[in-house]
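Peer 1: just to be clear, the model below is a prediction. Sequence and coordinates:
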Amino acid sequence: MTRLGVAVIGVGSIAGQHLRAYAAHPDVELVGVFDAVAERTRAVAEQWGGRAYASLEELLADPAVEAVSICTWNDSHAAIADQAVRAGKHVLVEKPLSKTVADAEGLAATVAESDRVVQVGFVRRFSANARTLKTFIDAGDLGGIYYARATNIRRLGNPGGWFADSSRSGGGPLIDIGVHVLDLCWYLMGCPRPVTVSGVTDSRLGNRAGVTSLSRYKVADYDPTLSDVEDLATALIRFDNGASLLLETSYSLHASADRLEVAVFGDQGGAELEPRLTIVTEKHDTILNIAPQVDLTTFDFEEGFDSEIGHFVAACLGEGPQIAPVEHGLEMMRMLTAIYESAAAGREIVLD
Ligand SMILES: NC(=O)c1ccc[n+]([C@@H]2O[C@H](COP(=O)([O-])OP(=O)(O)OC[C@H]3O[C@@H](n4cnc5c(N)ncnc54)[C@H](O)[C@@H]3O)[C@@H](O)[C@H]2O)c1
């Protein structure tokens, strides 16, 4: 069997997970990499093998490249994905799909006219604990899901650099880490159509640069004086099937600890995916908290990326379904943007 030729565009932090998973995949040949920083392109090509492309155009013109992972900053995701699809490549694009709804719509239109696979990097959908829970949900064990709670709170977690610069990121914790838990809940709910969004954002603490008692992740170009993104975002989303979703996410908050929670509640049962996979039901007038006996009860980075990339490669080779298509990335951008709009306007937004 011929192997799928893959290149990675933007080889900073998260690209390491893509490169590791591709390198370990028996049906993939890692053809090369490109980054806007030439020195980084060379160093990563040396480490993982393959060509160090001098430009995006050179990479996309190479017929050996059949598929690409896009791991650049958020502001270039949609444009690079569009260029890649037009060049005939399959695309795995990191979350969020774009910085704006218009960019996502433009890309979705290009994808609709092509036969290429475009997968959005909603990695947590692919993880073992989510796959286990989805099996129970699809079998009807929770009944109709009518409420979900998504929490991703960092008390000291503004990484600075491009993450804190809205012109490159499109926003703060909402678009960076809130998107993971919002998407997970929405996916587990069966992707209902959002109809109203009420959001609040706050930016009172900045990046808490003065805190020295705890260490934190900082990007290479961290500058303690720079951050124009929100510290905190909360939202209530209503869906056309009557279900609702409550979201809270932060980079900076006077909380006693970080918190990751993903929970969905149905009329026959409930489930917590994070912090630990638990299924809740009722039998003989008794509430049962069921602890599935599985290797991974919480998200595991390596397993999640191996699984996400395994699905992408299978879809490119025509061997598997698409679990995170471009339309889902676009709908997620509509929800994220409506939260920011609602927060700025101080009122609920009605979606078309
Ligand atoms: N799925 C996840 O769990 C996860 C985790 C972290 C980051 N991410 C996403 O991955 C992306 C990258 O994040 P990161 O933490 O690796 O950032 P990073 O800054 O470490 O790496 C980004 C790299 O992209 C390069 N780059 C930026 N714009 C470019 C362009 N137009 N062309 C070529 N190269 C370009 C930069 O030089 C840098 O090397 C972001 O969109 C982020 O949201 C996803």
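Peer 2: Received, thanks. Because the structure is a prediction, the values reported are computed rather than measured.

Peer 1: just give the nearest non-adjacent residue to the residue in the chain positioned nearest to the ligand, would you?
Peer 2: Proximity of the chain to the ligand (C-beta to the nearest ligand atom) peaks at residue 12, 1.8 Å away. For glycine as for every other residue, the C-beta is placed from the backbone atoms N, C-alpha and C. Closest residue to residue 12 apart from its sequence neighbours, by C-beta to C-beta, 6 or more residues apart in numbering: residue 71 at 6.8 Å.

Peer 1: for the one you found, list the residues it contacts.
Peer 2: For residue 71, the contact set (C-beta atoms under 8 Å, 6 or more residues apart in numbering) comprises 8, 9, 10, 11, 12, 14, 15, 18, 94.

Peer 1: out of these, who has the most neighbours?
Peer 2: Taking other C-beta atoms under 10 Å as the neighbour criterion, residue 9 ranks highest of the contacts of residue 71 with 32 neighbours.

Peer 1: does that residue touch residue 67 like I think?
Peer 2: No. Look at residue 9 against residue 67 with C-beta atoms under 8 Å: they stay out of range, at 11.1 Å.

Peer 1: common neighbours of the two, please.
Peer 2: Joint contacts of residue 9 and residue 67 (C-beta under 8 Å, 6+ apart) do not exist.

Peer 1: any chance you could map the helices in the stretch 1-150 of the chain?
Peer 2: 15-24, 38-48, 56-61, 77-86, 101-112, 128-138 (DSSP state H, counting those that start in this stretch).

Peer 1: please apply the same query to the stretch 251-352 of the chain.
Peer 2: Going by DSSP H, counting those that start in this stretch, the stretch 251-352 of the chain shows helices at 301-316, 326-345.

Peer 1: would you list these in TSV and tack on distance to the ligand?
Peer 2: Listed next are these as TSV, based on distance: least, C-beta to the nearest ligand atom, whole Å:
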stretch	distance to the ligand
helix 301-316	7
helix 326-345	12
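
Peer 1: of all these, which lies closest to residue 89?
Peer 2: Across the helices of the stretch 251-352 of the chain, residue 89 has its closest neighbour in helix 301-316 (9.4 Å, C-beta to C-beta).

Peer 1: what does that closest one contact?
Peer 2: Helix 301-316 is contacted from outside by 4, 6, 17-18, 20-22, 24-25, 27-28, 66-67, 69, 90, 92, 117, 119, 121, 123-128, 131, 296, 320-323, using C-beta under 8 Å, 6+ apart.
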